[in-house]
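> Sequence and predicted structure below; questions after.
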Amino acid sequence: MLSLFQTHAHDFLTGFGWTIASSVLALIGSLILGTVFALMEVVPNKAANIIGRIYIEVLRNIPLLVITMFFYVVIANVVKISGFAAGTLGLTLYTSAFIAETVRAGINAVPNGQLEGALSNGLSWWQGMRYVVLPQAFKLVIPPLGNQFINLIKNSSVLAFVAGMDLMYQANMISQETFDTFGPFIIVAIFYLILTMPMSYYMRYLENKLNKEG
Amino acid sequence: MSRKFKRTWRAVLAGAAVALLAGSVVATPVHASDKKNEAYNRIMKSDKMVWGVKGDTKLMGLMNIKTGKLEGFDVDMAKQITKRVNPKAKVELTQITSGTRIPMLLNGNIDAIIATMSITPDREKVVDFSKPYFNAGQAILVKKGSGIKDIYDLNKPGARILAVAGSTSAVVVKKFAPKAKVVALSDYATALTALKAGQGDALTTDNGILYGMAAGSKSLEVVGGPFTKEPYGVAMDENNPKLVKAVNKAIDDIKSDGTYAKLAKKWFAGVKGMDWKELAK
């Protein structure tokens, strides 16, 4: 296994790099998009509510692979889009639907009195959300949000299907080249753990810290 | 742990064990028959020749959904060969896949295979091949007007060649265009869609398969001809020298009496980028 890693270190590290790049971009993108659509669901405006609802229901009920393939072979006819971009976009949109649901649950969990208090103190709805409700909501949803981020990193393996050069794609290529189907996947699994384990622990640490702060 | 839970758990384990056992029974190895000329004698005695052909490969062996019949170049070749091996024999066609064809042949379910099967040293260890009947090899499919003339045009940085992951062609193409990037996708359908969507400059695999793809699309063409030599042959069970001899003679006759040219023209004359006269070489 060690010799396999040594002979193909370049491939594994390239894949690792692309997986990190895709995960980071999708994480930032889906957090922003997810928060935006969560707000659209709770804002006192019927049209926005409906749009938010449709976005979330459509994207979280379609398989990630289907969304990704859509970008790779359908959208590519209109705009030139690489496998990496198609995969990262698919990952961002798909995850954003789940994050929107998570954040919305957090907003709903903050007692109504908080927003009412903010409004009666002269804050606008947006200010109340921004300064009073959202900070409390995020604190509440850190554990489920952490799960979404870990899922996102693991789901980035969808890039392999659109030749996104990620870890999984490299593992497929190496196993086909060396006829070793076991080694490459074990090595790749370790790489994924290197990404997800610290994430897991950081989320737990964050949860404890925020609990203590109250 | 409650008693009820324990019981359920035990049932699950037992189920898993049964499934494992069943799996191992199905995977019994198949051995070639030891009797000499068994298949040949069977064809002569029953006046029936059973062929394994492809049912999913356009132009070579494809199930026509409207008529329910198998058609293609391989199918017509099977009929012509049968006529020359035993003029009285009826042709029976069995649809096979790359995975099932060799076990079915060794079991005696089929007498011969004519199904886009390249003659390779590994396969020759298990079955006997006739002489080549189709000049197959790896080629490239491109969009019309791409300006790409052959595989060597793709040997430059920035060129992207689509291939199917796990196929030999994905590995071999690197030798011919080492500077190009190989984009490996999971199957032919995805690779073809990706080519149309501009995710690659060319798609590479066997010319037989590419001709079928080109025939189904107005915007694609095969260019440059095959750059490897992997001719197709008829596969038969080992220990059948009489059958191999008869099939070889039939192929020679088909080529020399003009039947081959007729068949090649029938199936491949309409395919863009294909010189059907080159096939028989």
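That came in fine, so what should we check first? Residues are numbered from 1 along each chain as shown, chains lettered A, B, ... in the order given.

> From now on I want contacts and neighbour counts done on CA atoms only, so please keep to that.
OK.

> Give the ranges of residues in chain A that sit below the confidence cut-off.
A:214 (pLDDT under 70).

> What parts of it come near chain B?
For chain A, the residues in contact with chain B (Cα under 8 Å from any Cα of the partner chain) are A:72-74, A:76-77, A:80-83, A:161-163, A:172-173, A:176-177.

> ok, 6 Å please
Taking Cα under 6 Å from any Cα of the partner chain as the contact definition, chain A meets chain B at A:73, A:76-77, A:163, A:176.

> Now neighbour count and secondary structure too, for the residues you listed, in JSON lines please.
Converted to JSON lines, these look like this (neighbours: other Cα atoms under 10 Å in any protein chain shown; DSSP: H, G, I helix; E, B strand; the rest coil):
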{"residue": "A:73", "neighbour count": "25", "secondary structure": "helix"}
{"residue": "A:76", "neighbour count": "20", "secondary structure": "helix"}
{"residue": "A:77", "neighbour count": "15", "secondary structure": "helix"}
{"residue": "A:163", "neighbour count": "25", "secondary structure": "coil"}
{"residue": "A:176", "neighbour count": "18", "secondary structure": "helix"}
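
> Farthest pair within the residues you listed?
Pairwise distances across the residues of chain A next to chain B peak at 30.2 Å for A:77 and A:176 (criterion: Cα to Cα).

> For the residue of the stretch 151-281 of chain B found nearest chain A, what are phi and psi?
Closest approach between the stretch 151-281 of chain B and chain A, counting by Cα to the nearest Cα: residue B:197, at 5.0 Å. Residue B:197 adopts backbone torsions of phi -80, psi 0, taken as degrees, to the nearest 10.

> what do you get for residue B:162?
According to degrees, to the nearest 10, residue B:162 has phi -80, psi 140.

> just checking, it touches residue B:183?
Yes. With contact defined as Cα atoms under 6 Å, residue B:162 reaches residue B:183; the gap is 4.8 Å.

> nearest to residue B:62, of the residues of chain A next to chain B?
residue A:73 (26.1 Å).

> between residue B:162 and residue B:183, who's got more neighbours?
Using other Cα atoms under 10 Å in any protein chain shown, the more surrounded residue of residue B:162 and residue B:183 is residue B:162, with 28 against 22.

> pLDDT weak spots in chain B?
B:1-34, B:272-273, B:275-281.

> which bits of it sit near chain A?
So chain B meets chain A at B:166, B:183, B:194, B:197 (Cα under 6 Å from any Cα).

> Can you tell me which of those are buried?
Buried members of the residues of chain B next to chain A, counted by 16 or more other Cα atoms under 10 Å in any protein chain shown: B:166, B:183, B:194, B:197.

> taking these one by one, which sit in helices?
Residues of these located in helices (DSSP state H): residue B:194.

> which one among the buried ones among the residues of chain B next to chain A gets closest to residue B:267?
Of all these, residue B:194 has the smallest distance to residue B:267: 26.3 Å, by Cα to Cα.

> Could you measure from the closest residue to that closest one other than its chain neighbours over to residue A:45?
Residue nearest to residue B:194 in three dimensions, not counting chain neighbours: residue A:73, with 5.7 Å by Cα to Cα, 6 or more residues apart in numbering or on different chains. Computed as Cα to Cα, to the nearest Å, the residue A:73 to residue A:45 distance reads 36 Å.

> How about residue A:113?
With the distance defined as Cα to Cα, residue A:113 ends up 20 Å from residue A:45.

> what's the answer for residue A:54, then?
To residue A:45, residue A:54 is 15 Å away according to Cα to Cα.

> who's in contact with residue B:231?
B:118, B:132, B:134-136 (Cα atoms under 6 Å, 6 or more residues apart in numbering or on different chains).

> ranking these by neighbours, who comes first?
For the contacts of residue B:231, the largest neighbour count, defined by other Cα under 10 Å, is 26 neighbours, found at residue B:136.

> Just say helix, strand or coil for it.
Following DSSP: H, G, I helix; E, B strand; the rest coil, we place residue B:136 in the coil state.

> Residue B:88 now?
Assigned state for residue B:88: coil (three-state reduction, three-state DSSP).

> Could you do the one 4 residues further on as well?
Residue B:92 falls in the strand class when you classify it by three-state DSSP.

> Can you report how many residues lie near it?
By other Cα under 10 Å, 15 other residues sit near residue B:92.

> Give the closest residue to it in space, chain neighbours not counted.
Nearest non-adjacent residue to residue B:92, counting by Cα to Cα, 6+ apart: residue B:50, 4.6 Å away.

> Which residue ranges of chain B form strands?
Under the criterion DSSP state E, chain B carries strands at the ranges B:48-53, B:56-57, B:61-64, B:69-71, B:90-95, B:112-113, B:128-129, B:138-143, B:160-164, B:181-185, B:202-206, B:220-223, B:235-236.

> out of these, nearest to residue B:38?
Among the strands of chain B, if distance is taken as Cα to Cα, the winner is strand B:235-236, at 11.0 Å.

> what separates the closest one from the chain centre, distance-wise?
Between the centre of strand B:235-236 and the centre of its chain there are 13 Å (Cα atoms, centre = their mean, to the nearest Å).

> which helices and strands sit right next to it?
Helices and strands touching strand B:235-236, as assessed by 3 or more Cα pairs under 6 Å, 6 or more residues apart in numbering or on different chains; DSSP states H and E, comprise strand B:112-113, strand B:128-129.

> Try it again at 10 Å.
Counting contacts by 3 or more Cα pairs under 10 Å, 6 or more residues apart in numbering or on different chains; DSSP states H and E, strand B:235-236 packs against strand B:48-53, helix B:101-107, strand B:112-113, strand B:128-129, helix B:241-256.

> In a markdown table: the ones you listed, plus mean neighbour count.
As requested, these are exported to a markdown table (neighbours: other Cα atoms under 10 Å in any protein chain shown):
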| stretch | mean neighbour count |
| --- | --- |
| strand B:48-53 | 26 |
| helix B:101-107 | 20 |
| strand B:112-113 | 28 |
| strand B:128-129 | 22 |
| helix B:241-256 | 18 |
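
> Give me the neighbour count for residue 209.
Reading this off chain A. Counted by other Cα under 10 Å, the residues lying close to residue A:209 total 11.

> Hmm, no, I was thinking of chain B.
Residue B:209 has 20 nearby residues by other Cα under 10 Å.
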